[in-house]
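# turn this into a model:
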Amino acid sequence: MDTAPDGPPGPTAAAASPPSRAGRDLTRAIPVGIGLGVLVVASIAFNPRWWYLVAAGAVAIGTWEVFKRLRQARFRLPLIPLLAGGQAIVWSSFFLGGQGAFAAFAATAVVCLVWRLFLDGRTKAPQNYLRDTAVTLFILCWIAVPGAAGAMLSDGDYGAQRVVALILLVVCSDVGGYFSGVLFGKHPMAPAVSPKKSWEGFAGSFVFAMIGGALVVALLFDDHWLKGALLGVLTVFTATLGDLVESQVKRDLGIKDMGTMLPGHGGFMDRLDSVLPTAVVSWIVFSYVVPT
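Down below sits the predicted model:
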């Protein structure tokens with residue numbers, strides 16, 4: 001997630017508790033963050049594959065949230081195929097693994113292309129067809145496909161450890177970037193996209209994630225700590241780029257947050273933005289670099 005929301009706060013935000021220097025209202029953000037952590041622990045406490053329920057729910061909520069924002073911007077998107085296809089991608093990975101997820105994605109893409117063709121009516125030529133179908137496929141690639149990769153982390157004997165590793169690494173990157181940005185941030189990383197994100201914050205993310213990754217892989221997987229440090233480095237890049245991608249999407253739409261579902265954080269996608277791309281990299285690393 002960004003170290004601060006993009007754009008100026010509205011009148012409602014001004015009346016709320018004063019945010020920190022980096023733009024977050026910590027009195028609301030911290031309890032929400034703890035609650036999300038409890039949800040993660042609860043989902044894997046007895047059976048790691050219950051994590052699929054959390055992943056499927058996250059994909060559905062994130063897709064709906066983005067759809068609403070795009071509808072406000074007058075995009076015409078096929079909601080039913082997006083929601084149903086997102087669930088098909090996640091649950092196909094549950095039964096058939098990566099091949100099932102890919103097959104469900106391909107089928108959903110075809111259905112979305114055809115569905116949008118007739119969304120404006122059978123006798124009316126579709127308007128902005130190329131734009132809307134491109135955005136539809138973007139949403140699937142942005143939310144549903146990474147969501148399935150994150151869900152598949154729970155497979156195998158070390159499923160719970162993989163899920164914990166994903167969340168801890170993202171938290172390390174986020175916390176390191178936040179505090180380093182607050183204390184030392186002076187040089188903007190990408191001012192045209194996310195003005196509050198600084199190189200100093202990026203360095204803090206780097207240090208925290210490398211240490212966190214080394215500890216996670218050494219302690220949870222009994223593997224070489226250098227592999228964990230590598231995973232930490234990759235996490236910083238994927239989490240940061242995920243933040244920037246969502247920031248640019250919000251900038252294109254002229255909005256501050258994707259929603260208001262999570263007080264102190266914004267919308268649900270404002271928390272998922274860094275988790276989703278990191279889930280893809282984590283799944284690859286734990287499948288081929290840190291085999292379990």
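# quick one: name whatever helix or strand follows the longest strand along the chain.
Identified as the longest strand of the chain according to DSSP state E is strand 194-198. Using DSSP states H and E, the helix or strand that directly follows strand 194-198 along the chain is helix 199-220.
# and the angle from that following helix to strand 194-198?
Calculated by axes from the mean of the first three to the mean of the last three Cα atoms, to 10 degrees, helix 199-220 forms an angle of 60 degrees with strand 194-198.
# helix 199-220 packs against which elements?
If contacts are counted by 3 or more Cβ pairs under 8 Å, 6 or more residues apart in numbering; DSSP states H and E, helix 199-220 sits against helix 159-184, strand 188-190, helix 225-253. No exception for glycine: its C-beta is placed from N, CA and C like everyone else's.
# can you tell me which of those is packed in deepest?
Highest mean neighbour count among these (mean count of other Cβ atoms under 10 Å): helix 159-184, with a mean of 23.
# quick one: that helix to helix 199-220, angle?
Computed by the same axes, to 10 degrees, the angle separating helix 159-184 from helix 199-220 equals 150 degrees.
# so how far is helix 159-184 from its chain's centroid?
Its chain's C-alpha centre and that of helix 159-184 lie 13 Å apart, by Cα atoms, centre = their mean, to the nearest Å.
# same check, this time on stretch 46-56
Relative to its chain's centre, stretch 46-56 lies at 17 Å (Cα atoms, centre = their mean).
# what are the buried residues along that stretch?
By 16 or more other Cβ atoms under 10 Å, the buried positions in stretch 46-56 come out as 48-52, 54-56.
# picking that back up, buried ones in the longest strand of the chain?
Neighbour-count burial for strand 194-198 [16+ other Cβ under 10 Å]: 194, 196-198.
# other SSEs contacting that strand?
Of the remaining helices and strands, those touching strand 194-198 by 3+ Cβ pairs under 8 Å, 6+ apart are helix 159-184, strand 188-190, helix 225-253.
# now for the first one, which elements pack on it?
This points to helix 159-184. Judged by 3+ Cβ pairs under 8 Å, 6+ apart, helix 159-184 is in contact with helix 26-44, strand 194-198, helix 199-220, helix 225-253, helix 269-288.
# ok, now the longest one?
Here helix 225-253 is seen to pack against helix 51-72, helix 159-184, strand 194-198, helix 199-220, helix 269-288 when contacts are counted using 3+ Cβ pairs under 8 Å, 6+ apart.
# contact partners for residue 87?
The neighbours of residue 87, taking Cβ atoms under 8 Å, 6 or more residues apart in numbering as the test, are 56, 59-60.
# what ranges does the stretch 1-150 of the chain have for its helices?
With DSSP state H, counting those that start in this stretch as the definition, the stretch 1-150 of the chain shows helices at residue ranges 11-15, 26-44, 51-72, 79-117, 129-139, 145-152.
# ok, residue 43 - how many residues close by?
For residue 43, the neighbour count with other Cβ atoms under 10 Å is 21.
# how long is stretch 262-275 from one end to the other?
Start to finish, the residues bounding stretch 262-275 are 16 Å apart (Cα to Cα, to the nearest Å).
# how about that stretch: buried residues?
For stretch 262-275, a neighbour-count test (16+ other Cβ under 10 Å) marks 262, 264-275 as buried.
# for residue 149, which of the helices and strands packed on strand 194-198 is the nearest?
Closest approach to residue 149 among the helices and strands packed on strand 194-198 is made by helix 159-184 (9.9 Å; Cβ to Cβ).
# surely residue 117 meets residue 130?
No: in this structure, residue 117 is not within contact of residue 130 by Cβ atoms under 8 Å, at 11.4 Å.
# give me the common contacts of the two.
Here residue 117 and residue 130 have no joint contacts, going by Cβ under 8 Å, 6+ apart.
# compare these two (neighbour count), which wins?
More neighbours surround residue 117 than the other of residue 117 and residue 130, with 14 against 9 (other Cβ under 10 Å).
# ok, the more buried one to residue 81 distance?
Residue 117 sits 12 Å away from residue 81, going by Cβ to Cβ, to the nearest Å.
# and for residue 270?
The gap separating residue 270 from residue 81 is 25 Å, by Cβ to Cβ.
# how about residue 120?
Going from residue 120 to residue 81 by Cβ to Cβ gives 15 Å.
# good, wrapping up.
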